[in-house]
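> Pasting the sequence and the predicted model now:
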Amino acid sequence: MKKKSIKDIAQDLGFSKTTVSFVLNNKGDEKNISKKTQEKILAYVHEVNYQPNQIAKSLKKGTTNTIGYLVPDISNPFYAKIGRLIEDLLAAKGYHLIIGSTDEKQEKEDSLLNMFVNRQVDGLIVASCFENLGMLKTLAAQRFPMVFFDRESPDFNGNYILVENKDSMKLAVEKVILKGAKKIGLLSITPNVYSLKLRIDGYKQALIENSIEVDEDLIRIVETDDLKESTKTQLTSLMEQKVDAIAFTNNQITANAIWVMNTAFKADLNRMDFVSFDNIDLFDYSMPRVTSVAQPIPEIAHYLVDILEQVMQSDEEECKRIELKPKLIERL
């Protein structure tokens, strides 16, 4: 059955398109259209299950009521939980969320940014890899509404919702040092990302302030293209060097490392301690024990939506930078 248009409804009922349009846009009273006419049109619309053309409607309004959410990997529980919360928060304000994963690849990030803009999203919430600022600077110059989280670039002036990285990681590493760890390795992804660099710096500072030499050979980079196997390779190398503990710059590496320990190093489960930036439920009952830095996910989500809404509705050019305090969860 052919989908009914406003023109079809007007012809079927014997009214003008303008009259039908006013009623459908809740302007019947304002335009002095009789209650009887309004009721007749609304009843017929319900009968034929009329659905407005959202594309035409959005072009007329100049908005689409959609927001783009761009993150490295939506399967990461941190990004997934924030995405779920902002989806609900945006829905309450009449917006829909479109999600994309960059896989930490600049080319894919640029492609998705172009796709979002071409689909005329009203704003963007982004955790960028910040490798090439060309596309972002172009959007910023056009004053496109954007809010960034989790990652920051010192070379890009934007609206940021962040957590304290360096001191939080330092404090977490110090917990295993106090327990007696002397030889502590570290596994990270993409160390060129500024926030991850800060976490590595926090790890190093904890060692230095506790008179432990920083051994660069104990700092290993995990490849994101094959996270599981790369984690296994690098963790095995650290275990062969008899480390007492291992720090991780994100929860996905930690989760994969727990799998490696339980499949290849069961005899070492009780003597090892892990330190993870980001927390997941698995850490409550996993071995080795994991001391984790838990980011305030609900608070981050609320700030992202609130700041983006302010940016979309305001002509102010001054950017906001909000830094939140994470919570340390000890499981020693």
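Received, thanks.

> Between the two ends of stretch 111-129, how far is it?
Separation of the first and last residues of stretch 111-129 by CA to CA, to the nearest Å is 13 Å.

> Would you mind listing the buried residues in it?
112-113, 116-117, 121-129 (16 or more other CB atoms under 10 Å). Quick note: C-beta positions are derived from backbone N, CA and C, even for glycine.

> do stretch 31-40 as well
If you call a residue buried by 16+ other CB under 10 Å, then stretch 31-40 has these buried ones: 33, 37-38.

> Pull the distance from it to the chain's centre.
The chain centroid and the centroid of stretch 31-40 are separated by 47 Å under CA atoms, centre = their mean, to the nearest Å.

> Which helix or strand contains the residue nearest the centre of the chain?
By CA atoms, centre = their mean, the mean C-alpha position of the chain lies nearest to Y79, the distance being 4.2 Å. According to DSSP states H and E, Y79 maps onto helix 77-91.

> In terms of secondary structure, what does that helix contact?
Applying 3 or more CB pairs under 8 Å, 6 or more residues apart in numbering; DSSP states H and E, we find helix 77-91 packed against strand 66-71, strand 96-101, helix 297-313.

> Now for Y95: which residues touch it?
When contacts are counted by CB atoms under 8 Å, 6 or more residues apart in numbering, Y95 touches 65-67, 122.

> What of D284?
R331.

> can you pull the buried residues of stretch 285-295?
In terms of neighbour count (16+ other CB under 10 Å), stretch 285-295 has its buried residues at 286, 288-295.

> and for that stretch, what are the contacting residues?
Stretch 285-295 is contacted from outside by 78, 163, 168-169, 172, 175-176, 251, 254, 258, 261-262, 268-270, 272-280, 283, 324, 326-332, using CB under 8 Å, 6+ apart.

> Send me it as CSV with only the CA atoms.
These are the backbone C-alpha positions of stretch 285-295, laid out as CSV (Å, rounded to 0.1, in the frame of the first residue of the first chain):
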residue,chain,number,x,y,z
TYR,A,285,36.2,-11.8,41.1
SER,A,286,39.1,-12.4,38.8
MET,A,287,42.6,-13.6,39.5
PRO,A,288,45.2,-12.0,39.6
ARG,A,289,43.7,-9.4,41.8
VAL,A,290,43.2,-6.0,40.1
THR,A,291,43.5,-2.6,41.6
SER,A,292,41.6,-0.4,39.2
VAL,A,293,41.0,3.3,38.5
ALA,A,294,37.3,3.6,38.0
GLN,A,295,36.1,6.6,35.9
